[in-house]
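> Sequence plus predicted model, see below.
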Amino acid sequence: MSSRPVVPGFYPDPTVCRVGDDYYLATSSFEYAPGVPLFRSTDLLSWTQVGNVLDRPSQLTVAGGLAGASRGIYAPTLRHHDGRFWMVTTDVGRIDDGHLLVHAADPAGPWSEPAFTAGAVGIDPDLAWDGPDCYLTWKREDGGGIWQALLDPETGRLLSEPRLLWTGTGLAQTEGPHLLRRGRWWYLVVAEGGTGRGHAVSVARSERPSGPFAGCPANPVLSHRSLDGPVQSTGHGDLVERQDGTWAMLYLGVRPAGSPHRFHVNGRETFLAGVDWVDDWPVVDEDRFDVPAARTSFVDRFAEPELDPRWVSPGRHPGEFAAPGPAGLELAPGRAPVARVAERMLAVRTRDERWTAVVRLARGDAAVVVRIDDAHWAGVERVGDQVLARAVVGDLDQVLDRAVAGTGEVDLLVRAVPATGERRHRGPDRLELGLVVDGRPQVLAGIDGRYVSTEVAGGFTGRVLGVEALRGPAVVRSVTYAAEPADPAS
């Protein structure tokens with residue numbers, strides 16, 4: 001199988017649909033706004049982000065700090081029906097209101113204001129149509145299996161009492177349902193085993209969308225549990241029929257590295273596999289596609305009036321504090337330099353195993369950090385005429401080193417490089433912190449990358465690269481993110 005994700009970086013819980021010759025894919029976003037990133041492709045291999053579904057505060061309210069970490073938007077479902085795109089998901093902050101449902105004529109937006117499915121409380125909702133009937137399927141909040149009800153998608157009103165659809169195969173945490181039709185059979189694709197190393201995809205089928213469903217004899221149809229390989233935690237799949245009549249699966253996985261315990265840092269990423277049909281059951285072929293390296297490097301000088309859709313913010317909408325303009329990116333005042341919790345941070349997902357980021361700070365004090373959450377980050381801060389390398393890991397908050405750099409324009413450096421040290425105790429990478437002087441990196445300090453990994457921090461997200469003004473306003477001239485070749489020995 002290819003160890004390359006088709007959408008690298010913290011883009012988990014993929015959902016996919018095809019309209020003509022175009023494929024559209026959406027993923028979870030958790031506490032980051034705007035929410036539900038949306039991609040387009042013509043071949044399932046190369047994806048371009050065309051926007052974010054929940055791109056304004058009236059659609060989505062997110063919370064910051066540790067209380068908001070790994071909350072927000074959970075697994076969505078994206079579908080196209082009767083000339084419109086539909087997206088349904090769970091906003092965990094409003095879980096008692098039911099699932100959040102929006103629609104649009106153009107996937108690039110604008111998307112409607114949300115309707116909520118009162119009476120359907122849980123996570124991981126799905127939409128499917130059988131003629132005029134729309135079915136809402138989800139995991140019930142109390143963990144009692146996969147449930148379903150008829151739905152009026154225009155209003156979010158349930159048209160029938162919720163009923164139990166399937167309890168899964170016996171593995172833990174049956175969730176992430178997707179209901180789809182092929183021929184005379186309706187297939188219920190679910191995630192099982194938890195989203196860690198025991199993750200899996202299982203399938204059941206019925207001649208009616210309302211069941212009863214019988215499980216595939218070969219379940220789970222996809223799992224890397226108890227296997228050794230570069231991609232782990234595979235699961236949460238969605239199926240799509242290709243233009244030529246063949247089928248494919250988009251699913252999530254992680255790329256752990258380091259010591260035998262292994263750590264993943266870029267979150268759960270989106271992978272691709274082929275699907276064959278044997279006796280009307282799906283058989284997953286992980287070797288079907290030759291996945292090219294995704295184009296992840298970029299230089300953003302913030303010359304356009306709108307931010308690129310790659311930019312997000314934990315606990316806030318970027319438009320509340322970040323404004324591109326002729327001078328660069330203007331950032332409203334953020335946290336105090338001694339504080340640990342981000343207040344107004346503009347961030348982008350890290351997407352590679354090795355990378356270098358340089359932020360050219362034109363004016364003011366600012367921090368450039370690589371973070372999982374507010375208790376697990378490392379970064380470089382310009383405060384007055386000094387540049388400080390700082391790490392926050394749980395209760396530990398330490399300035400590792402500092403240098404005098406003046407108050408003028410400065411290039412702040414954060415990069416992920418191969419880990420060093422004895423192999424049995426090696427982290428996934430090493431985060432180096434410093435600045436660039438006369439075109440040359442000046443590294444002030446570095447830390448073991450395991451301390452900014454999901455295994456250490458917990459939660460469901462991955463690393464982001466963030467920039468935030470400190471105490472007063474700041475102007476960022478440019479952000480350069482460059483992918484580097486991975487270390488073959490890692």
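Right, received. Where do you want to start?
> who touches the nearest residue in space to residue 453 that is not next to it in sequence in this structure?
Here the nearest residue to residue 453 in space, its sequence neighbours aside, is residue 263; by CB to CB, 6 or more residues apart in numbering that works out to 3.9 Å. Quick note: C-beta positions are derived from backbone N, CA and C, even for glycine. Contacts for residue 263 were tallied using CB atoms under 8 Å, 6 or more residues apart in numbering; they are 256-257, 427-428, 449-450, 453-456.
> Where strands are concerned, which of those residues count?
Residues from these lying in strands, with DSSP state E as the criterion: none.
> how about residue 324, what does it touch?
302-307, 330.
> can you redo these as a markdown table with distance to residue 201?
A markdown table is the format used below for the contacts of residue 324 (distance: CB to CB, whole Å):
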| residue | distance to residue 201 |
| --- | --- |
| 302 | 40 |
| 303 | 43 |
| 304 | 39 |
| 305 | 42 |
| 306 | 37 |
| 307 | 35 |
| 330 | 45 |
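> residue boundaries of the helices in this protein?
Using DSSP state H, the helices of the chain run over 65-68, 454-457.
> Which of the ones you listed has the lowest mean pLDDT?
Lowest mean pLDDT within these: helix 65-68, a mean of 93.
> Return the set of buried residues in it.
Buried residues in helix 65-68, counting neighbours by 16 or more other CB atoms under 10 Å, are found at 65, 68.
> now swap in stretch 61-75 and tell me
Quick answer for stretch 61-75 (16+ other CB under 10 Å): 61-65, 68-75.
> Ok, stretch 457-468 next?
457, 459-468.
> So what would you say the end-to-end distance of that stretch is?
Length of stretch 457-468, first residue to last, CA to CA, to the nearest Å: 21 Å.
> cool, stretch 349-365 as well?
Span of stretch 349-365 from end to end, CA to CA: 23 Å.
> try stretch 117-124
By CA to CA, one end of stretch 117-124 lies 13 Å from the other end.
> Now do it: everything it contacts.
So stretch 117-124 is contacted by 13, 74-75, 88, 90, 92, 95-99, 101, 125, 136, 138-141, 147, 149, 151, 156-158, 162, 175-177, 191 (CB under 8 Å, 6+ apart).
> just for the stretch 151-300 of the chain, where's the confidence low?
For the stretch 151-300 of the chain, no stretch is flagged by pLDDT under 70.
> The same query, at a cut-off of 90, please.
228, 259-261 (pLDDT under 90).
> Likewise for the stretch 351-490 of the chain?
406-407, 420-426, 484-490.
> now the contacts of residue 324 as TSV including pLDDT, distance to residue 54 and neighbour count?
Formatted as TSV, the contacts of residue 324 follow (pLDDT from 0 to 100; distance: CB to CB, whole Å; neighbours: other CB atoms under 10 Å):
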residue	pLDDT	distance to residue 54	neighbour count
302	97	23	24
303	93	26	11
304	92	21	10
305	92	21	8
306	94	16	9
307	97	15	19
330	98	24	19
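> if we can go back for a sec, now the helices of the chain as TSV including distance to residue 27?
Below are the helices of the chain laid out as TSV (distance: least, CB to CB, whole Å):
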stretch	distance to residue 27
helix 65-68	19
helix 454-457	16
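> So for residue 185, which of the ones you listed sits nearest?
helix 454-457 (36.6 Å; CB to CB).
> Give me the contacts around the closest one.
Taking CB under 8 Å, 6+ apart as the rule, helix 454-457 contacts 254, 261-265, 267, 372-373, 375-376, 393, 450, 460-462.
> And for residue 435, the neighbour number?
By the measure other CB atoms under 10 Å, the count of residues near residue 435 is 23.
> ok, the nearest residue to residue 285 once chain neighbours are set aside to residue 290 distance?
In this structure, residue 285 finds its nearest non-sequential neighbour in residue 274, 4.0 Å apart by CB to CB, 6+ apart. Going from residue 274 to residue 290 by CB to CB, to the nearest Å gives 11 Å.
> same deal with residue 106?
Residue 106 is 32 Å from residue 290, by CB to CB.
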